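A.B. asks: Predicted structure and sequence below. I'll ask about it afterward.
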Amino acid sequence: MGSQLCKSKKGRWVMLRKVLMLMTIVLGVWACSAQGGVIDSNWVGGEWGDWETPSNWSPAIVPENGANTFNVTIDAGAGRVGVRLLYDHVINTLACKGNEVGLEGDGLSHVTLTLTDTNYAPLTDNGELEITGWGLEIFEIRGNVANSNGGLMDFWGGRVDGNLVNPAGATIEVNGQLGIEGDCQNAGLVIVAPYHDFDVDQSLSNTGKIRIIGGGCGVGEVLVNDTEGEITGFGVLYGGERLTNAGTIRATGGNLAAATGAEGVFQNEGTLANAAMSLLNVSHLNLLHYGSWVPSDVNNTGTVEVNAGGGVAFDCNLVNEPNGVIELLGGTLSATTITQAADANFAGFGTITGDVVIEPNGLIQLTGPTNIVGDMQIGTAATLEISDGTTLITGYTTNNGTIHMKGGRIIPQGGFTNNGNIIWEPGPYNNIADFNLDGQVNFKDFADFADTWLWQAQL
């Protein structure tokens, strides 16, 4: 009897141990799941709600990394969803989808949304995303942010503590003070609204379009407008250490300042231009330097297009390097000194403000009425060619090369020293010997000239 009871107890003990081991394994698996699980969280809170309300999410847990981590999706579908963050939150990723998703802080305190995923971009927009920051320091996203082809990101202020990517076919609208702590790559469209700034702390690479409408686009380090890039508008464009243009920068609708820091370098390998009634001003901002300070030269290996009704101005020396092009199309070109190198191209008519130096073997072709407000120096074997118009030079002219007049003429109003050659010939459309402008050169012209000369000689 005792032996049977012992065997019964022993059997129950073995069974109990098995049950306990099974429960331990189940509890262990559950604990690992509870402590290290990744939860896919979806917004179900309707058109408007707070992030901190559990019932706004499925499952009904406020997304906040801790025992679990969260991949969050907010899908507005064909409608609109607005989500307000009252406190700081940390999640893995956030995907915004649908017609219009709005994210904003409480408008009173500094609120951050931190995204811990280290992949390409833990915050992505696949529809229309509106971020309301109420100023730079009110709503901050910590992590990389990426738009998508066809997506629209509308920033009403805020800060991104990470990188920002705007691919081809995507749009970013800056309707408030927006700060990017990292780098920005734009292959789509960026629109900067009046009186607002798009500030990138590190570098900006643009292969798309940037429209500045009375606002500012500033980069702390290097701004590169690549070959396909186009930056237009009026306001301020700034690259602290370097601004390299290989695409197009065009002032439209007003004045556009394209500036670097005081010791920054401006490089033009593309096109600098102005539209009618607009001025493109290339400058160096001297904010911290005092006394004698000379901004660095701008070396042009691209094209400077100067259109009528406005102009292109440099607050430094402009050097038109070999293969560089200056097209003077009736506007005003201004610089401290404009140096024309050999094998560079400079042609057109309009107004030139600043001293002009044509280096040996260089050529400038003026094809119509032109005023030069400054000195003119023509180097050895260099040529100043004047066609079909009068060139007035208010400063002193020194010719060590050739002045070639093709139906035009030069007036060295400020004085003249000729150590070279002066060539005159009729032009294809104009002849300065056609004194009475009847289209023919004959004795009538000589008679009119003699009559005028005799009348002046009697005075």
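C.D. replies: Noted; the coordinates are in hand. Only a predicted model underlies this, so the values are computations on that prediction, with no experimental measurement involved.

A.B. asks: Domain parsing of the chain, as residue ranges.
C.D. replies: Domain assignment of the chain by automatic domain parsing yields the ranges 41-143+153-166, 144-152+167-455.

A.B. asks: Is it possible to get CSV of these that adds mean neighbour count?
C.D. replies: Glycine gets a C-beta too; all of them are placed from N, C-alpha and C. Converted to CSV, these look like this (neighbours: other C-beta atoms under 10 Å):
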stretch, mean neighbour count
domain 41-143+153-166, 18
domain 144-152+167-455, 19
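
A.B. asks: Any chance of JSON lines for the ones you listed, columns mean pLDDT?
C.D. replies: Below are the domains of the chain laid out as JSON lines (pLDDT from 0 to 100):
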{"stretch": "domain 41-143+153-166", "mean pLDDT": "92"}
{"stretch": "domain 144-152+167-455", "mean pLDDT": "91"}
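
A.B. asks: Which stretches in the stretch 351-459 of the chain count as helices?
C.D. replies: With DSSP state H, counting those that start in this stretch as the criterion, the stretch 351-459 of the chain has helices at 443-457.

A.B. asks: Show me the strands in it, by range?
C.D. replies: Using DSSP state E, counting those that start in this stretch, the strands of the stretch 351-459 of the chain run over residues 363-373, 376-378, 383-387, 390-393, 397-399, 402-406, 409-412, 416-418, 421-425.

A.B. asks: elements contacting the third one?
C.D. replies: In other words, strand 383-387. strand 363-373, strand 402-406, strand 409-412 (3 or more C-beta pairs under 8 Å, 6 or more residues apart in numbering; DSSP states H and E).

A.B. asks: Using TSV, please lay out those together with distance to residue 128.
C.D. replies: Below are the helices and strands packed on strand 383-387 laid out as TSV (distance: least, C-beta to C-beta, whole Å):
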stretch	distance to residue 128
strand 363-373	51
strand 402-406	60
strand 409-412	61
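
A.B. asks: Nearest to residue 333, out of the ones you listed?
C.D. replies: Closest to residue 333 of the helices and strands packed on strand 383-387 is strand 363-373 (C-beta to C-beta; 9.9 Å).

A.B. asks: Pairing partners for the closest one, with directions?
C.D. replies: strand 345-358 (parallel), strand 383-387 (parallel), strand 390-393 (parallel) (DSSP bridges).

A.B. asks: picking that back up, could you redo the strands of the stretch 351-459 of the chain as CSV and give each row distance to residue 92?
C.D. replies: Listed next are these as CSV, based on distance: least, C-beta to C-beta, whole Å:
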stretch, distance to residue 92
strand 363-373, 62
strand 376-378, 66
strand 383-387, 68
strand 390-393, 69
strand 397-399, 71
strand 402-406, 72
strand 409-412, 73
strand 416-418, 76
strand 421-425, 77
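
A.B. asks: Direction-wise, compare the strand ranked longest in the chain with strand 345-358 and give the angle.
C.D. replies: In the chain, assigned by DSSP state E, the strand with the most residues is strand 325-340. Per axes from the mean of the first three to the mean of the last three C-alpha atoms, to 10 degrees, the angle that strand 325-340 makes with strand 345-358 is 10 degrees.

A.B. asks: helices or strands up against strand 325-340?
C.D. replies: strand 298-300, strand 303-307, strand 311-314, strand 318-320, strand 345-358, strand 363-373.

A.B. asks: closest to residue 419 out of those?
C.D. replies: So among the helices and strands packed on strand 325-340, strand 345-358 is nearest, using C-beta to C-beta, at 13.8 Å.

A.B. asks: contacting residues around residue 357?
C.D. replies: 337, 338, 339, 340, 377, 379 (C-beta atoms under 8 Å, 6 or more residues apart in numbering).

A.B. asks: if we go to 7 Å?
C.D. replies: By C-beta atoms under 7 Å, 6 or more residues apart in numbering, the residues touching residue 357 are 337, 339, 340, 377.

A.B. asks: Likewise for residue 42?
C.D. replies: The contact partners of residue 42, by C-beta under 7 Å, 6+ apart, come to 57, 58, 73.
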